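Engineer: predicted model follows, preceded by the sequence.
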Amino acid sequence: MEDTFRRQINYLRIAITDRCNLRCRYCMPATGVTLKSHQEILRLEEIVTLARVAGDAGISRIRLTGGEPLVRKNMVTLVRELASLSAIKELSLTTNGIFLSGLARPLKDAGLSRVNISLDTLRKDRYRYITRRGNINSVWQGIRAALAVGLAPVKLNVVITRGFNDDEVLDFARLAREEPLHIRFIELMPIGAAAATVTDYVAVEEIKSRVSSVYPLEPLPDLVTNGPAVNFKIAGGRGSIGFISAMSSHFCHRCNRLRLTADGKLRPCLYWDGEIDIKGPLRSGASSAELAAIFARAVALKPAEHHMETGWRQPRVMSQIGG
Ligand code: SAM
Ligand code: SF4
């Protein structure tokens, strides 16, 4: 599918739940967010139907996210069904990794291609602080399990917040040198709880210059399929380092994605208020052609770029949109 700005849209991120077992400080308030009722959330078979229609319309890559996708019951079955759709060439997952150690093998066997694991700090006490409850050892067991079963490349999502973990940038770079792990430094975005603390964001240029002052970085080919990250190899290293600059410099010109929220809305852009209901038509019996037309409408509505700097604030939090 091609949008108005000649971008090829072939990637769908599906939030399969708005629930989460953690409460990351920049993502959610301590009390969590108001959850949708079970009725409002897409059923697994509805997700598969929409993915099939999307695949027929030109989507070839799907990422499951949330909330925390691994808290959704029967998600291994969902992965198996999505992976069996002939149009879907890559099926990936973004997770906090807490429940991954027991699920990595079944997910791999069900057809999951690879995994991104969110880990903002390498220190146990800081991990507990930022997630308000998580145990970093569980995440490491998940990372080891993902590597062991070959859910590769294993990427680690690291949101850098000034005064919290900006002193760990070189520790993460060392990790990318020593292990086959792909670190992606992400700028904090003014979404969810972070909307109030956006001055804490650290521009990726600053992170990059700190890393490259110690570890020479070699650019990796700029694959559009790699999404918004600009990637580098550390000379002699086993992994890589990527930078996602949502705030300081737009990657919108190469955006290739649509989002489907857990409650069945198609979102043309992460940071823009347009969204189109697809669950209603699905539940009232719309045909595949009618559903495909809704995907096409969402693509046509994609704005040229997001609206982060305009002062407009996204009312949904990341766990509801599927970050
Ligand atoms: N629960 C899963 C996880 O944490 O990986 C998947 C959903 S989470 C919303 C997806 C990603 O969004 C995580 O890597 C998280 O760090 C990131 N995220 C959440 N709020 C953010 C914000 N305000 N700015 C930048 N990234 C954010
Ligand atoms: Fe949950 Fe992911 Fe948000 Fe953390 S970032 S609270 S793990 S949805």
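Structural biologist: Nice, I can see it. Ligands and ions are numbered 1, 2, ... in the order given.
Engineer: every contact and neighbour count from this point should use C-alpha atoms.
Structural biologist: Fine.
Engineer: where do the helices of the protein begin and end?
Structural biologist: For the chain, the helices defined by DSSP state H occupy 44-57, 75-83, 100-110, 124-131, 136-149, 169-178, 204-212, 279-283, 288-300, 318-321.
Engineer: and among those, the most buried is which?
Structural biologist: Of all the helices of the chain, helix 318-321 has the most neighbours on average by mean count of other Cα atoms under 10 Å, namely a mean of 25.
Engineer: for that helix, give the mean pLDDT please.
Structural biologist: Mean per-residue pLDDT for helix 318-321: 68.
Engineer: same check, this time on stretch 14-26
Structural biologist: 96.
Engineer: and for stretch 41-54?
Structural biologist: pLDDT averaged over stretch 41-54 gives 98.
Engineer: ok, now stretch 64-84?
Structural biologist: On average, stretch 64-84 scores 97.
Engineer: what residues does this structure put near ligand 2?
Structural biologist: Applying Cα under 6 Å from any ligand atom, we find that the chain lies next to ligand 2 at Cys20, Leu22, Arg23, Cys24, Cys27, Met28, Gly66, Gly67, Glu68, Asn96, Ser319.
Engineer: now, which of the residues you listed lie close to ligand 1?
Structural biologist: Within the residues of the chain next to ligand 2, those near ligand 1 by Cα under 6 Å from any ligand atom are Cys27, Gly66, Gly67, Glu68, Asn96, Ser319.
Engineer: residues touching Ser113, list them.
Structural biologist: For Ser113, the contacting residues are Glu90, Leu91, Ser92, Leu151, Ala152, by Cα atoms under 8 Å, 6 or more residues apart in numbering.
Engineer: residue of the stretch 101-250 of the chain nearest ligand 2, please.
Structural biologist: Here the stretch 101-250 of the chain gets closest to ligand 2 at one residue, Thr131, 6.3 Å apart by Cα to the nearest ligand atom.
Engineer: any idea of the pLDDT on that residue?
Structural biologist: Per the predicted model, pLDDT is 97 at Thr131.
Engineer: circling back to that earlier point, and the contacts of Ser113 as TSV, adding neighbour count?
Structural biologist: Converted to TSV, the contacts of Ser113 look like this (neighbours: other Cα atoms under 10 Å):
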residue	neighbour count
Glu90	16
Leu91	22
Ser92	21
Leu151	23
Ala152	18
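Engineer: out of those, who's near ligand 1?
Structural biologist: Filtering the contacts of Ser113 for proximity to ligand 1 by Cα under 6 Å from any ligand atom leaves nothing.
Engineer: out of those, which are inside strands?
Structural biologist: Judged by DSSP state E, the contacts of Ser113 include Glu90, Leu91, Ser92 as members of strands.
Engineer: looking at the helices of the chain, which is closest to Arg267?
Structural biologist: helix 288-300 (6.9 Å; Cα to Cα).
Engineer: contacts for the closest one?
Structural biologist: Contact with helix 288-300 is made by 1-4, 9, 50, 53-54, 57, 258, 266-268, 275-276, 278, 281-282, as judged by Cα under 8 Å, 6+ apart.
Engineer: what do you get if the cut-off is 10 Å, keeping everything else the same?
Structural biologist: For helix 288-300, contacts defined as Cα atoms under 10 Å, 6 or more residues apart in numbering pick out 1-5, 7-9, 49-50, 52-59, 256-259, 265-269, 274-279, 281-282, 285-287, 301.
Engineer: of those, just the buried ones, ChimeraX syntax please.
Structural biologist: Remark: buried members of those, expressed as a ChimeraX selection using 16 or more other Cα atoms under 10 Å:
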select :1,3,7,8,9,49,50,52,53,54,55,56,57,58,59,256,257,258,259,265,266,267,268,269,275,276,277,278,279,282,301
